[in-house]
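>>> I need the structure of the sequence given here:
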Amino acid sequence: MSFPGFARLALTSLVLIASMSPLVAADATAQTSEVAQSATQSAILADPEAASETQSSGRLFAQTGFAVSDDQIWNYFNAHGGAAVLGDPLSRQFTLQGSTVQLFERGALQVAPGQGVRALNLIDLLPYSPVDGYQLPSVDDALVAAAPSRDASDFTARALEFVQSNVKDASGETQTGFLTLYEAAAPGRDAVAGVTMGLDLWGLPTTAAVADPDQSNVLYQRFERGFMVRDTDANT
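All right, here's what the predicted structure looks like:
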């Protein structure tokens, strides 16, 4: 089972905003537009020189034509499941709001000064809906209020319980694979390791699995740093 890349939605939205497309919702902010223009100008086209330098090291992904040349991003990428979890790169490295960023099919990684590598919160780049035909769900305030506090001494244990209670591999009779994908960065390891990796990449869930209001075959689950999408018609 594969999943549509949420980063593809983000990249689509960046292109739309940067081109001032009439499809962009009127409430998209000027700040988002400025960020998007900067990203699209530097990130959409592959860098042939960088690709040539990394081809021999196995860092060039032929399917997308992009390479992972930054050592910190490369190490994080491999430690968190590699292409099986994050997908292939969809951009070269570029600077976004002071950080080095690279987009992948199912997420984005950033190197923040003095903070190392972490998952970029792509939702900050998508303050509107729909995007490319996807009616992305809003945060479920009740679920967020029930989430464990990161300041709690037993946060990991409580987060494990919260994730396993609210992220499932099925919604009703529909198989989603969302929990499997959430834990996929730590294959073959215990549940705590899987959730720890999932927290790093996705954050906590902020909705349950919900159907698109206009496409009953499309299911979403929103997290702090991204969306999972299941399209039963396309079997993705």
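
>>> all strands for the protein, in order.
Here the chain has its strands, by DSSP state E, at 60-61, 66-67, 94-96, 99-104, 107-112, 116-119, 170-171, 174-175, 210-211, 218-223, 226-231.

>>> can you list the weak-confidence ranges in this protein?
1-57, 125-129, 187-188, 236 (pLDDT under 70).

>>> report the central residue of it.
Most central in the chain under C-alpha atoms, centre = their mean is G107, positioned 2.9 Å from the mean C-alpha point.

>>> quick one: contacts for that one?
6-7, 86-87, 119-120, 122, 201, 225-226 (C-beta atoms under 8 Å, 6 or more residues apart in numbering). Every residue, glycine included, has its C-beta placed from N, CA and C.

>>> so can I have JSON lines of those residues showing neighbour count and distance to A145?
JSON lines is the format used below for the contacts of G107 (neighbours: other C-beta atoms under 10 Å; distance: C-beta to C-beta, whole Å):
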{"residue": "F6", "neighbour count": "28", "distance to A145": "24"}
{"residue": "A7", "neighbour count": "24", "distance to A145": "29"}
{"residue": "L86", "neighbour count": "27", "distance to A145": "30"}
{"residue": "G87", "neighbour count": "22", "distance to A145": "32"}
{"residue": "A119", "neighbour count": "21", "distance to A145": "23"}
{"residue": "L120", "neighbour count": "25", "distance to A145": "25"}
{"residue": "L122", "neighbour count": "19", "distance to A145": "23"}
{"residue": "L201", "neighbour count": "23", "distance to A145": "23"}
{"residue": "R225", "neighbour count": "22", "distance to A145": "19"}
{"residue": "G226", "neighbour count": "25", "distance to A145": "21"}
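
>>> which one of the strands of the chain is the most hemmed in?
Highest mean neighbour count of the strands of the chain: strand 66-67, a mean of 26 (counted as mean count of other C-beta atoms under 10 Å).

>>> just checking, what packs against that one?
When contacts are defined as 3 or more C-beta pairs under 8 Å, 6 or more residues apart in numbering; DSSP states H and E, strand 66-67 sits against helix 48-55, strand 60-61.

>>> mind listing the strands that strand pairs with, and their directions?
strand 60-61 (antiparallel) (DSSP bridges).

>>> T64 touches D88, doesn't it?
Yes: assessed by C-beta atoms under 8 Å, T64 is found in contact with D88 at 4.6 Å.

>>> between these two, which contacts overlap?
Joint contacts of T64 and D88 (C-beta under 8 Å, 6+ apart) are E105.

>>> and the residue lying closest to the residue nearest to the centre of the chain once chain neighbours are set aside, what does it touch?
Nearest-residue entry for G107: L86, 5.2 Å, with adjacent residues in sequence omitted and distances by C-beta to C-beta, 6 or more residues apart in numbering. Counting by C-beta under 8 Å, 6+ apart, L86 touches 77, 80, 104-107, 109, 201.

>>> may I see the residues you listed organised as TSV, with distance to A211 added?
Output for the contacts of L86, formatted as TSV (distance: C-beta to C-beta, whole Å):
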residue	distance to A211
F77	32
H80	29
F104	26
E105	23
R106	21
G107	23
L109	30
L201	24
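
>>> how near is V139 to P205?
To P205, V139 is 10 Å away according to C-beta to C-beta, to the nearest Å.

>>> who's more crowded, those two?
The neighbour comparison of V139 against P205 (other C-beta atoms under 10 Å) goes to P205, with 24 against 12.
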